[in-house]
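**Q** Got a predicted structure plus its sequence, pasted below:
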Amino acid sequence: MAVKRIGVLTSGGDAPGMNAAIRAVVRSGIYRGFEVYGIRKGYEGLLAGDMFEMNLRSVSDIISRGGTILQTTRSKEFSTDEGVKRAARMANVFKLDAIVVIGGDGSFRGARALSKEGVNVICIPATIDNDVSSTEYTIGFDTALNTVKDAIDRIKDTAYSHERCSVIEVMGREAGYIALNCAIADGAEACILPEKEFNIDTDIIKPIIGCRNRGKHHYVVIIAEGIGGTLDIAKQIKEITGITTTATILGHLQRGGSPTVRDRVAASLMAVKATELLEQGEMNKVIAVKHDQYVAYDIDEALNMVKYIDESMIETSKMLSL
Ligand code: F6P
């Protein structure tokens, strides 16, 4: 089937680099002779028929901007069977031969549901959490890591000056990739991940006391948001150790900001691969990074994959915080 018209949407939580991906879908799509429609606000916009034709200039000056110019939602209606059917109908009304979905696994499950209704899709992984099961890397992860690293560096400056313990909660939903990478990058004394059972005495208090006995005077404890109870953990550290302890929940500042080079390049290469697949008539795929190469999996295969946190990184983090 020769593709003539495609749609592009961003869905789920925004991520730095989504604009770079939109730009590359539009530019490479037009280069290949497609008409490209921008769909606003994710699947909500598809349901509403809220879309417009984009041209080469529609994506000028967006590669350096965080967020997504198309905006994004987590659509309630689209999570129902009726919603998916209505969205598929709307894709037909606009004669979209395929839709490029930029988002995470939740958005890809929506894309798979659309494909079962006869709408072709190609998925591009973008989330700061890096928790898309089929890929080693998701757009936005590197920018978020650098943002969190900067924030923790600043908190460490003051923790050092006052000899305090800093408990810092980072995003990641049920995944600990942001927490673990920043624990290594910032030399955290303890890092608590949703993927691992944890005990406050053995996993936080004991390492802190051990570090104090070896001459340290300030401590960083990173808590992945999937663990929860950050304020209470900080309170307990203070009560048990007597060390003045502050708690910081970094929150949404982790999602914003200008994308790093890594995210701009990854977004551009993934999007170009997406339009290349469409040109070749290859549909219903998820773009992924495997051993640093860009590959594509069938959407069912991609969604059935399981991704594990790297145990050796956990050991490394502990070893280097001694
Ligand atoms: O998936 C990205 C993410 O930022 C998660 O880390 C976090 O759990 C969630 O989105 C927050 O979502 P919202 O912005 O809707 O509160």
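**A** Thanks, I have it.
**Q** Please make it C-alpha for all contacts and neighbour counts, starting now.
**A** Noted.
**Q** tally of neighbours for the one residue in the stretch 201-322 of the chain that gets nearest to the ligand?
**A** Going by Cα to the nearest ligand atom, the ligand is nearest to R255 of the stretch 201-322 of the chain, at 6.2 Å. Applying other Cα atoms under 10 Å, we find 25 residues neighbouring R255.
**Q** Ok, I240 next?
**A** I240 has 10 nearby residues by other Cα under 10 Å.
**Q** what are the phi and psi angles of it?
**A** Recorded main-chain torsions at I240 are phi -80, psi -40, according to degrees, to the nearest 10.
**Q** Tell me, what's the model's pLDDT at it?
**A** I240 is assigned 98 on the pLDDT scale.
**Q** Please name the residues that touch it.
**A** By Cα atoms under 8 Å, 6 or more residues apart in numbering, the residues touching I240 are I205.
**Q** before we move on, back to that, check contacts around the residue of the stretch 201-322 of the chain closest to the ligand.
**A** Applying Cα under 8 Å, 6+ apart, one finds that R255 lies in contact with D14, A15, P16, G67, I128, A144.
**Q** From the residues you listed, list the buried ones, please.
**A** Among the contacts of R255, the ones that count as buried by 16 or more other Cα atoms under 10 Å are D14, A15, P16, G67, I128, A144.
**Q** Residues touching the lengthiest helix in the chain, excluding its own?
**A** The residue-count maximum for a helix in the chain (DSSP state H) belongs to helix 141-162. Identification of contacts with helix 141-162 by Cα under 8 Å, 6+ apart yields 15-16, 127-130, 165-166, 168, 170, 178, 181-182, 185-186, 217-220, 250, 253-260, 262-263.
**Q** ok so, going back, and the ligand, which of the contacts of R255 reach it?
**A** Applying Cα under 6 Å from any ligand atom to the contacts of R255, one finds that I128 fall near the ligand.
**Q** Please enumerate the strands of this protein.
**A** 5-10, 35-39, 51-54, 98-103, 121-125, 165-170, 190-192, 219-224, 245-249, 285-290, 293-298 (DSSP state E).
**Q** Show me the one of the ones you listed that comes nearest L322.
**A** Evaluated with Cα to Cα, the strands of the chain place strand 190-192 nearest to L322, the distance being 10.0 Å.
**Q** how about the closest one: buried residues?
**A** A190, C191, I192.
**Q** how far does the helix or strand that it is followed by sit from the chain's center?
**A** Next along the chain after strand 190-192, taking DSSP states H and E as the criterion, comes helix 200. Mean-position distance between helix 200 and its chain equals 28 Å (Cα atoms, centre = their mean, to the nearest Å).
**Q** do the same with stretch 263-278
**A** 16 Å.
**Q** residues in contact with it?
**A** Counting by Cα under 8 Å, 6+ apart, 3, 16-18, 20-25, 28-29, 32, 63-64, 98, 100, 122-124, 139-143, 283, 287-288, 294 sit against stretch 263-278.
**Q** now stretch 309-318
**A** G176, Y177, L180, A183, I184, G187, A188, E189, A190, E195.
**Q** Serialize those to TSV and add fields for distance to T73 and pLDDT.
**A** Shown next, in TSV, are those (distance: Cα to Cα, whole Å; pLDDT from 0 to 100):
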residue	distance to T73	pLDDT
G176	23	98
Y177	23	98
L180	28	98
A183	31	98
I184	33	98
G187	35	96
A188	34	97
E189	37	97
A190	34	97
E195	27	97
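**Q** which of the strands of the chain is buried the deepest?
**A** When those are scored by mean count of other Cα atoms under 10 Å, the highest mean neighbour count falls to strand 121-125 (a mean of 30).
**Q** Show me what that one pairs with in its sheet, parallel or antiparallel.
**A** When pairing is defined by DSSP bridges, strand 121-125 lines up against strand 98-103 (parallel), strand 285-290 (parallel).
**Q** State which one residue of the stretch 1-150 of the chain is found closest to the ligand.
**A** For the stretch 1-150 of the chain, Cα to the nearest ligand atom, closest residue to the ligand: G13, 4.8 Å.
**Q** residues touching that residue, list them.
**A** T72, T73, R74, G103, T127.
**Q** Contact residues of this protein facing the ligand?
**A** Checking the chain against the ligand by Cα under 6 Å from any ligand atom, the hits are G13, T127, I128, D129, M171, G172, R173.
**Q** And the pLDDT for the last one?
**A** At R173 the predicted local distance difference test score is 97.
**Q** Right, I'll call it a day here.
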